[in-house]
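Undergrad: Sharing a model prediction with you, sequence too.
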Amino acid sequence: MPEAAPSFSPGLEGVVAAKSRLCQIDGTQGKLYYLGYAIEDLAEHSSFEEVCFLLWRERLPRARELEELRGQLQEYRQDCRDLFDFVGRFPHTARPMDMLRTCVSWLGCRDPHPGDASGEANFRRAVAVTAHFPTAVAAFHRFREKQSPVPPHARLSHAANFLYMLTGKQPSDLAARVMDVALILHADHEMNASTFASLVTASTMSDLYSALTTGVGTLKGPLHGGANEAVVQMLEKIGSVENVESYLSEAFAQKKKIMGFGHRVYKTYDPRARIFKRYADELSRADGDRRFFEINERIEELMQKRVGSHGIYPNVDFYSGIVYRSLGVASDLFTPIFSIARAAGWTAHVLESWQKNRIYRPASVYEGPGPRAYVPLDER
Ligand code: SDX
């Protein structure tokens, strides 16, 4: 039986690259589940630490287990002196995602047992890297603002500690809760580009740090994690609700993509965008600055009319930027926040893939010239 010619799917659309128990997306109904738990329930009742445990151990933790994980994260978080020294050496003009990508590699260089590829050693690495991401991002921002880095608070949560280390002040309960939910919403998302990239690296039996370096580098792209920063830049450019219609008309005339819209899987509203929109509404009411929220809503209304029938709706990045802006976060830290959360998903998928590993090696359809004789230089 002749081998069927491999079919080429641009962007691997519709191609199944793995089997996984961690995350399920229903793109038609706009539903997202981590190990069967709906994202709406997790956003309402869970914490980022609990979601980390859920993704890493494939079940919700009991109280003692959750406290133990919080303690492990805190223990790694406190070990920040060397990280401060390292982050302090970056040029202040470096892009935060480039800094974070480099920090992951540096963390790998200081691993005390790099040759230990056991499940427990890799779990320890997953906890350690997840613990260090917020510290690296916050410290880098403090240095570039000519401020001293703030060591983590002994009793604050992962999300609250990020805001504390960033500002030097304990966040309000609302700000801490919003950041915690933002991390939950971004923790995992099935076979997205950065998770897939991490898995390709891990499939060669490389190490967890190399896999996450790939993940950070991949997430940085504006078509993936970088869209949230691009949305706020778009809102600043539009400036007022009155300008939205003309902006969109010009963008469509130039065949430009509207950042924060569209998704390879969701052909309806991204459930994460709904939750972010509620917080964006609440925060913009609280700080009395509704301008960006109203521009966002006007874009959504006009996009629904233009492309809603094509399955192009707001995605996770459309409202997250103005939520972070309301929390006083600099816009080039929005994608690093995405990385802080997705460290949980990247590590969980890598740990899962190593349970039954096979190196990724897809095919390609050859379109070059057929076999031919070499032509010596003086005859060309
Ligand atoms: C994330 O995969 C994940 O799960 C990712 C993510 C996660 O949690 O990891 O959910 C996070 O990356 C969210 C997406 C953030 N990116 C953006 O907001 C950037 C803008 N969006 C687009 O670039 C695009 O929608 C993608 C990249 C998200 C999806 O790309 P696809 O699936 O390859 O779709 P496509 O580019 O082939 O578009 C299909 C059609 C095209 O029209 P035609 O050329 O066929 O006529 O839809 C149009 C596109 O022009 N289209 C858009 C659009 N997105 C798609 N038109 C205008 N504005 C848009 N945003």
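TA: Received the coordinates, thanks. Residues are numbered from 1 along each chain as shown.
Undergrad: Mind telling me which residue of the stretch 201-350 of the chain is nearest the ligand?
TA: residue 262 (2.3 Å; CB to the nearest ligand atom). To be clear about C-beta, it is placed using only N, CA and C from the backbone, and glycine gets the same treatment.
Undergrad: Go ahead and confirm that residue touches residue 316.
TA: No - counting by CB atoms under 8 Å, residue 316 is not a contact partner of residue 262; they are 11.5 Å apart.
Undergrad: So if I had to pick from the two, which one is more boxed in?
TA: Neighbours around residue 262 and residue 316, counted as other CB atoms under 10 Å, are more numerous at residue 316. The numbers are 25 against 21.
Undergrad: quick one: the nearest residue to that one once chain neighbours are set aside and residue 329, what's the gap?
TA: Counting by CB to CB, 6 or more residues apart in numbering, residue 316 lies nearest to residue 272, which is 4.1 Å off, once chain neighbours are set aside. From residue 272 over to residue 329 the distance is 18 Å, taken as CB to CB, to the nearest Å.
Undergrad: These two: who's more crowded?
TA: Just comparing residue 272 and residue 329: by other CB under 10 Å the higher neighbour count belongs to residue 272, 27 against 23.
Undergrad: tell me the contacts of the more buried one?
TA: 32, 39, 185, 186, 315, 316 (CB atoms under 8 Å, 6 or more residues apart in numbering).
Undergrad: Run the contact check for the helix or strand where it lies versus the ligand.
TA: Residue 272 belongs to helix 271-286 when elements are defined using DSSP states H and E. No - against the ligand, helix 271-286 shows no contacts by CB under 6 Å from any ligand atom, the least distance being 7.5 Å.
Undergrad: would you put the C-alpha positions of that helix in PDB?
TA: Provided in PDB are the C-alpha atoms of helix 271-286 (Å, rounded to 0.1, in the frame of the first residue of the first chain):
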ATOM      1  CA  PRO A 271     -14.200  32.800  28.400                       C
ATOM      2  CA  ARG A 272     -11.100  34.400  29.900                       C
ATOM      3  CA  ALA A 273     -11.900  37.700  28.200                       C
ATOM      4  CA  ARG A 274     -15.400  37.700  29.800                       C
ATOM      5  CA  ILE A 275     -13.800  37.400  33.300                       C
ATOM      6  CA  PHE A 276     -11.200  40.100  32.500                       C
ATOM      7  CA  LYS A 277     -13.900  42.400  31.100                       C
ATOM      8  CA  ARG A 278     -15.800  42.200  34.400                       C
ATOM      9  CA  TYR A 279     -12.600  43.200  36.300                       C
ATOM     10  CA  ALA A 280     -11.800  45.900  33.800                       C
ATOM     11  CA  ASP A 281     -15.300  47.400  34.300                       C
ATOM     12  CA  GLU A 282     -15.000  47.200  38.100                       C
ATOM     13  CA  LEU A 283     -11.500  48.700  38.300                       C
ATOM     14  CA  SER A 284     -12.300  51.500  35.800                       C
ATOM     15  CA  ARG A 285     -15.400  52.400  37.900                       C
ATOM     16  CA  ALA A 286     -13.200  52.300  41.100                       C
END
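Undergrad: How far away from the center of its chain is that helix?
TA: 19 Å (CA atoms, centre = their mean, to the nearest Å).
Undergrad: residue contacts, the nearest residue to residue 55 once chain neighbours are set aside?
TA: Closest residue in space to residue 55, ignoring its immediate chain neighbours: residue 348 at 3.7 Å, by CB to CB, 6+ apart. Residue 348 sits next to 22, 55, 56, 126, 188 when contact means CB under 8 Å, 6+ apart.
Undergrad: Now intersect those with the helices, please.
TA: Of the positions in the contacts of residue 348, 55, 56, 126 sit in helices, assigned by DSSP state H.
Undergrad: For the stretch 101-250 of the chain, what lies in contact range of the ligand?
TA: Checking the stretch 101-250 of the chain against the ligand by CB under 6 Å from any ligand atom, the hits are 189, 192, 223, 224, 227.
Undergrad: What distance do you get for the fourth one to residue 323?
TA: Computed with CB to CB, the distance linking residue 224 and residue 323 is 19 Å.
Undergrad: Pick out whichever of these two has more residues nearby.
TA: Taking other CB under 10 Å, residue 224 and residue 323 do not tie; residue 323 has more neighbours (27 against 16).
Undergrad: what's the host helix or strand of the more buried one packed up against?
TA: Here residue 323 sits within helix 317-326, counting by DSSP H and E. On a contact count with 3 or more CB pairs under 8 Å, 6 or more residues apart in numbering; DSSP states H and E, helix 317-326 meets helix 173-186, helix 227-238, helix 271-286, helix 291-307, helix 334-353.
Undergrad: Touching the first one from outside, list them.
TA: Think helix 173-186. Against helix 173-186 from outside (CB under 8 Å, 6+ apart): 39, 42-43, 46-48, 51, 156-160, 162-163, 171, 272, 275-276, 279, 282-283, 286, 316, 320, 323-324, 327, 337-338, 340-342.
Undergrad: Could you pull out the buried residues of that helix?
TA: 175, 176, 177, 178, 179, 180, 181, 182, 183, 184, 185, 186 (16 or more other CB atoms under 10 Å).
Undergrad: now the second one
TA: By neighbour count, and taking 16+ other CB under 10 Å as the criterion, the buried residues in helix 227-238 are 227, 228, 229, 230, 231, 232, 234, 235, 238.
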